[in-house]
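Asks: take a look and give me a structure for this.
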Amino acid sequence: MIDVKTISDEFCSLVQIDSPSLREAEVISFIGEALAAMGIDSQTDDAASVLGGNAGNLIARIPGMPDAPTVLINAHVDTVEPGCGICPQVNDTVICSDGTTVLGADDKAGCTIILTTLRHLIEEAIPHPPLEVIFTVAEEIGLYGAQALDFDALQSTMGYVLDGGRTMGVITNAAPSAYRLAWDVRGVAAHAGVCPERGTNAIRVAAEAIAEMPLGRIDHETTANIGVIAGGKATNIVPECVTVRGETRSHDETKLERQRDRMLKAFDDAARRHNTEANAEVRHSYRSFCVAEDEPVLRYAWRACEALGFEPRTERGGGGSDANVFNEHGIPSIILATGPAEVHTVNEWVDAERMAESARWLTETLRLIARQT
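Replies: Numbering: from 1, shown residues only. Modelled structure (predicted):
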């Protein structure tokens, strides 16, 4: 039986464990103990040493119907800031933060749903396919945990990522590619009151570049953002350096590269006008995917959704997730709704009823896969 109160309690326990990216050891330990209580062995990989964090990805392999395909199930354990000292507030089945932090339902709702599903499969002896259950670290800062996985050791032929939106039945089957960009803009320091003409204001150079580039919603497939600016030492010093960080995303690689080049050109042009430099770092964070509606991974989830009385539909996501990495490595993967709303804000909330529905959805999907073999 999938019990809403039990889900609410476990979720609240999870979100009260601080787990900012690269500092997830305590929550990984909690999940490992929860799996052990079900009789499921798990182990961590070496992502901690690769990434410089304090915990690796947690991986559990669970036998299933011998002729069924192996299925990957995933959620990430890290949260965005402000995400330490979370105090969940419970009103009936609705859970929110106290308004000073995020809630952490992204993605501890997904973690809770997976634990609930596994418990339900075991307690009710529900037939299911062999499972590779992966709780990843460092997702929020660039999908680094998933990228550090040893994909040669995985057997999965399809995957379900529990990291979606609020509405049950929504299947995210496409997501964009992304570039992360950073600039180190060099100026010349000078006294701002005595001899400002001797200086070159690095912040002004950066401001001119940002003003020139298209940002926000570029088109229906493409977005761009400048998210971090840091520089300067005092108001009476012409700043000699400033760092700027931004990103661009698109479902279309050609559009993505065009926008990347516009952003780079804007900084190059501004630096040239001021006879200085804007050194750029560019990283292709993750690649887009689009899982066709006739792919087995999507068909099973669709049919399970219908069987439970939800209204299935697909949508294109605007953000990246571990599903991008799994698809890039040849494991067709889709994202299932988990229930949260207002994620990445202090207004984040989730309804435990929706998490229970998501667990039922995942359970039925796995039962259908086992039944078809």
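
Asks: got phi/psi on the residue sitting nearest the centre point of the chain?
Replies: Taking CA atoms, centre = their mean as the criterion, Ser321 is the residue nearest the geometric centre of the chain, at 4.1 Å. According to degrees, to the nearest 10, the main-chain angles of Ser321 amount to phi -150, psi 180.

Asks: and it, what does it touch?
Replies: The neighbourhood of Ser321, defined by CB atoms under 8 Å, 6 or more residues apart in numbering, consists of Glu139, Leu143, Val161, Asp163, Thr172, Ala175, Ile335. (Glycine included, C-beta is placed from N, CA and C.)

Asks: okay, those in CSV with distance to Gln43 and pLDDT next?
Replies: Conversion of the contacts of Ser321 to CSV gives the following (distance: CB to CB, whole Å; pLDDT from 0 to 100):
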residue, distance to Gln43, pLDDT
Glu139, 19, 97
Leu143, 21, 96
Val161, 21, 98
Asp163, 22, 97
Thr172, 29, 97
Ala175, 29, 96
Ile335, 25, 98
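
Asks: quick check, Asn173 in contact with Ile334.
Replies: Yes - in this structure Asn173 lies within contact range of Ile334 using CB atoms under 8 Å: 5.1 Å.

Asks: pull up the overlap in contacts between those two.
Replies: The overlap between the contact sets of Asn173 and Ile334 (CB under 8 Å, 6+ apart) consists of Val291, Leu298.

Asks: out of the contacts of Ser321, name the ones that lie in strands.
Replies: When these are checked against strands (DSSP state E), the matches are Val161, Thr172, Ala175, Ile335.

Asks: can you convert these into JSON lines and add a column each for neighbour count and distance to Ala109?
Replies: What follows is the ones in strands among the contacts of Ser321, written out as JSON lines (neighbours: other CB atoms under 10 Å; distance: CB to CB, whole Å):
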{"residue": "Val161", "neighbour count": "30", "distance to Ala109": "12"}
{"residue": "Thr172", "neighbour count": "23", "distance to Ala109": "15"}
{"residue": "Ala175", "neighbour count": "26", "distance to Ala109": "18"}
{"residue": "Ile335", "neighbour count": "29", "distance to Ala109": "13"}
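
Asks: pick out the most distant pair among these.
Replies: Val161 and Ala175 (10.0 Å; CB to CB).

Asks: anything in contact with each of these two?
Replies: With contacts defined as CB under 8 Å, 6+ apart, the residues shared by Val161 and Ala175 are Ser321, Ala323, Ile335.

Asks: ends of stretch 308-318, what's the gap?
Replies: 27 Å (CA to CA, to the nearest Å).

Asks: what does that stretch contact?
Replies: 168-176, 223, 249, 251, 290, 293, 298, 301-302, 305-306, 335, 357, 360-361, 364.

Asks: so of those, which ones are in strands?
Replies: Counting by DSSP E, the contacts of stretch 308-318 place Val170, Ile171, Thr172, Asn173, Ala174, Ala175, Thr223, Arg249, Cys290, Ile335 in strands.

Asks: pLDDT below threshold where in the stretch 101-250 of the chain?
Replies: Applying pLDDT under 70 to the stretch 101-250 of the chain flags no residue at all.

Asks: could you pull out the helices for it?
Replies: Counting by DSSP state H, counting those that start in this stretch, one finds helices in the stretch 101-250 of the chain at the ranges 105-123, 144-147, 202-212.

Asks: I'd like to know which elements the last one is packed against.
Replies: Using 3 or more CB pairs under 8 Å, 6 or more residues apart in numbering; DSSP states H and E as the contact criterion, the secondary-structure elements in contact with helix 202-212 are strand 177-186, strand 222-231, strand 241-250, helix 253-273, strand 277-286.

Asks: leaving out chain neighbours, which residue sits closest to Ala190?
Replies: Leaving aside its chain neighbours, Ala190 sits nearest to Gly199 (3.0 Å; criterion: CB to CB, 6 or more residues apart in numbering).

Asks: ditto for Val297
Replies: Counting by CB to CB, 6+ apart, the nearest residue to Val297 once its immediate chain neighbours are dropped is Met158, at 3.7 Å.

Asks: wait, isn't that neighbour in contact with Pro296?
Replies: Yes - using CB under 8 Å, Met158 makes contact with Pro296 at a distance of 6.2 Å.

Asks: any shared contact partners between these two?
Replies: Pro69, Pro332.

Asks: between the two, which has more neighbouring residues?
Replies: When Met158 is set against Pro296 and neighbours are counted by other CB atoms under 10 Å, the residue ahead is Met158, at 22 against 14.
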